[in-house]
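1. Pasting a predicted model and its sequence here:
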Amino acid sequence: MKSIAHLSLDLGASSGRALVGVLTDGPRKLQLEDLHRFEHLACPTPAGPVWDLTGIWQNILLGLQKSAAWCADQGLELRSVGVDTWGVDWVLIGKSGELLALPHCYRDPQNDAACQRVLDRLGGFDKLYSRTGIQSMSLNTLFQVAARFEKEPRLFDAAARLIFLPDLFHFWLSGELSTERTIASTSSMLNIHTRDWDYELLKQLGLPTHILGTIHEPGTPLGKIRQEVAEATGASPQLQVILPPSHDTASAVAAVPATADQSWAYLSSGTWSLLGAEIDAPVTSDAAREVPFTNELGLGGKVRFLKNIAGLWLLQELRRELEQQGDRRDYVELVAEAERAEPLRTLVDPNHAEFAAPGNMAEKIRRFARESRQPIPDSVGQLIRCCLESLAYCYRQTIDQLESVQGSSIKVLHLVGGGSKNRLLNQLTAAAVGRPVVCGPVEATAVGNLLVQALGCGEIADHQELRQIVARSFELETIDQSEQLADESLARYQAIVNQ
């Protein structure tokens, strides 16, 4: 009998990857095979930035083709495939299944004005937060839909369904329309208490509700791949499409190798940093709203109570600017420059509104330093170190807020995702938060995606067994808080953020 394999198609906001996972016998472990990686960018158009769907889809097919061929060579049965992506972005599908327009990137500036119009109509953010439990960010789907509906209402008249990006790729793979719950929960269109669409809210805003479909749980089998997909990739027509936690952070949190006997928080580190706790019920208190924390849904009905932090976006933008100037150093070399730079020279607020838009990141950081009367970063090392130290202090402030809102202490921070490879940031984080930081797995999103597919196939009993498999499968590094950053530096950071 052939061993079973699963395929994770894990799409971030700047790159994608196809990883095959195989569960071994005995003490069960997950083995990964990285078979395809690619980069992608939002494309500027006169109507706003849009995602390169055809390019992404071609790479999905190529990843599936490589994975099917590798499994055949290894004598493995590729049993299922699932897609996860970043949150909030969406498309409209017509009655015939036709895509009606390209999806706009969440960084589209038209969302800012729409966000304010929606909040004004509702009577303020507190009214929205009490229903949805979602942090107010202009990129949220609700504000995107409001912006597009105002400009192109007839587009919605022609639409049969609104679905999110992973739902689109599952539809293209299987022919089955679905909306997966964790990705829908990023939208600010769900009532977090009922965990279903907030039809009353949408009707109050004059937004269409006929385009919303039934919401499915992660682990749900959708069906077999389309015949044309099988023919194009060489994959078996028996290959099943199984919904993972389709929001990448939900998949990453599902794979956190935590144990029930210790209070813990997670930090999913990538373009965004998502720091929070896994809880049983949403928290929409005034204290939670003021931070603000967001309530998104996870595997097994859990709530991902977290704060969105700008994350490694600042570094990515700095590196992109350097490449445009002919400086092609990789992240390892840039972080090495930061290690040699003077510590705690300049701090910034990573979530400062000006940093959210692409372009001119170095100048924006220098302007922030000038306006907050700090030394202006001159060198590349100073710029990078400024970003990393500021992120570490932001993590500490967020954990303090998390403990205050929850009324309970956090003993350990689990750091997962690509950012866990940044050793300097890990060390700064451990020193700032004053708690052990457990780093790994790096590919937490793909791991969560793969193991939930295995759960949907009946190969894994429950979430507890899933996390035990993760802990056995990957080498985890614990960084103890042997050297804590000074409290006066934290106070300085907080003063900078609050000025």
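-> Structure received.

2. wait, what's in contact with the closest residue to Ala255 other than its chain neighbours?
-> Using C-beta to C-beta, 6 or more residues apart in numbering and skipping the chain neighbours, the partner closest in space to Ala255 is Gly448 (3.6 Å). (C-beta placed from N, C-alpha, C; glycine too.) Gly448 is in contact with 84, 244-245, 250-255, 299, counting by C-beta atoms under 8 Å, 6 or more residues apart in numbering.

3. how close does Gly448 get to Leu299?
-> Distance, Gly448 to Leu299, by C-beta to C-beta, to the nearest Å: 8 Å.

4. got any residues that touch both of these two?
-> What both Gly448 and Leu299 touch, as defined by C-beta under 8 Å, 6+ apart, is the set 245, 250, 253-254.

5. Going by distance to Val437, which of the residues you listed wins?
-> Using C-beta to C-beta, Val253 comes nearest to Val437 of the shared contacts of Gly448 and Leu299, at 16.1 Å.

6. I'd like to know how many residues surround the closest one.
-> 29 (other C-beta atoms under 10 Å).

7. where does the closest residue to Glu176 other than its chain neighbours fall, helix, sheet strand or coil?
-> Once flanking residues are discounted, Glu176 sits nearest to Leu222: 4.5 Å by C-beta to C-beta, 6+ apart. When classified by DSSP: H, G, I helix; E, B strand; the rest coil, Leu222 comes out as strand.

8. Leu222 contacts Ile242, doesn't it?
-> Yes: Leu222 lies in contact with Ile242 (C-beta atoms under 8 Å); the separation is 6.9 Å.

9. about what we covered before: do you know how far the residue nearest to Glu176 is from Asn351?
-> From Leu222 over to Asn351 (counting by C-beta to C-beta), the distance is 37 Å.

10. Looking at the two, which one has more neighbours?
-> Per other C-beta under 10 Å, whichever of Leu222 and Asn351 has more neighbours is Leu222, with 23 against 17.

11. Now do the contacts for the more buried one.
-> 170, 174, 176, 178, 240-243.

12. Recalculate using a threshold of 7 Å.
-> Contacts of Leu222 were listed using C-beta atoms under 7 Å, 6 or more residues apart in numbering, and they are 170, 174, 176, 178, 241-243.

13. CA-only coordinates of the helix or strand hosting Glu200 in CSV, if you can.
-> In this assignment (DSSP states H and E), Glu200 forms part of helix 199-204. Extracted C-alpha coordinates of helix 199-204, given in CSV (Å, rounded to 0.1, in the frame of the first residue of the first chain):
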residue,chain,number,x,y,z
TYR,A,199,-26.6,40.4,7.3
GLU,A,200,-28.1,43.1,9.4
LEU,A,201,-24.9,45.1,9.4
LEU,A,202,-24.5,44.8,5.6
LYS,A,203,-28.2,45.8,5.0
GLN,A,204,-27.7,48.9,7.3
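
14. what does whichever helix or strand comes after that helix rub up against?
-> Counting by DSSP H and E, the next helix or strand C-terminal to helix 199-204 is strand 215-216. Here strand 215-216 makes contact (C-beta under 7 Å, 6+ apart) with 178-181, 184, 196, 243.

15. Check the offset of strand 215-216 from the chain's centre.
-> Its chain's average C-alpha position is 19 Å from that of strand 215-216, according to C-alpha atoms, centre = their mean, to the nearest Å.

16. For that strand, which strands pair with it and how are they oriented?
-> Using DSSP bridges, strand 215-216 pairs in its sheet with strand 179-180 (parallel).

17. pLDDT (mean, whole number) over the partner strand?
-> Across strand 179-180, pLDDT averages out at 98.

18. What of stretch 489-499?
-> 89.

19. change the start of the numbering to 785 and stick with it
-> All set: I'll call the first residue 785, so the last point we hit is now stretch 1273-1283.

20. Just the buried positions in it, please.
-> The neighbour-count check on stretch 1273-1283 (16 or more other C-beta atoms under 10 Å) flags 1273-1274, 1277-1278, 1280-1281 as buried.

21. count of neighbours near Asp809?
-> Asp809, neighbours per other C-beta under 10 Å, totals 7.

22. Look at it and tell me its secondary structure.
-> Per three-state DSSP, Asp809 ends up coil.

23. List the strands paired with whatever helix or strand Leu1197 lives in, with their directions.
-> Per DSSP H and E: Leu1197 is located in strand 1196-1200. As defined by DSSP bridges, the strand partners of strand 1196-1200 come to strand 1048-1053 (parallel), strand 1221-1223 (parallel).

24. returning to that earlier point: tell me the one among the contacts of Leu1006 nearest to His1198.
-> Of all these, Leu1027 has the smallest distance to His1198: 24.2 Å, by C-beta to C-beta.

25. was I right about that closest one contacting Glu964?
-> Yes: contact status for Leu1027 versus Glu964: in contact at 4.8 Å, counting by C-beta atoms under 7 Å.

26. between those two, what contacts are shared?
-> Common neighbours of Leu1027 and Glu964, using C-beta under 7 Å, 6+ apart, are 1000, 1002.

27. Where is the longest helix in this structure?
-> If each helix of the chain is counted by residues according to DSSP state H, the longest one is helix 1164-1190.

28. Am I right that Glu1015 sits in a strand?
-> No: counting by three-state DSSP, Glu1015 falls outside a strand, being helix.

29. Neighbours of it, how many?
-> Using other C-beta under 10 Å, Glu1015 has 10 neighbouring residues.

30. what sits against it?
-> Not one residue lies near Glu1015 by C-beta under 7 Å, 6+ apart.

31. looking at this structure, which helix or strand is least sure?
-> Lowest by mean pLDDT, DSSP states H and E among the helices and strands of the chain is helix 1271-1282, with a mean of 88.

32. So Ala943 is in contact with Gly878, correct?
-> Yes: if you go by C-beta under 7 Å, Ala943 and Gly878 touch, sitting 6.4 Å apart.

33. Please verify my assumption that His1224 contacts Ser1257.
-> You called it His, but residue 1224 is Gly. No: taking C-beta under 7 Å as the definition, Gly1224 is not a contact partner of Ser1257, at 10.0 Å.

34. Do you have the helices of the stretch 785-934 of the chain handy? List them.
-> 837-858, 894-906, 909-916, 925-935 (DSSP state H, counting those that start in this stretch).

35. Quick check: helices, which of the contacts of Gly1232 are part of them?
-> Of the positions in those, 1034-1038 sit in helices, assigned by DSSP H.
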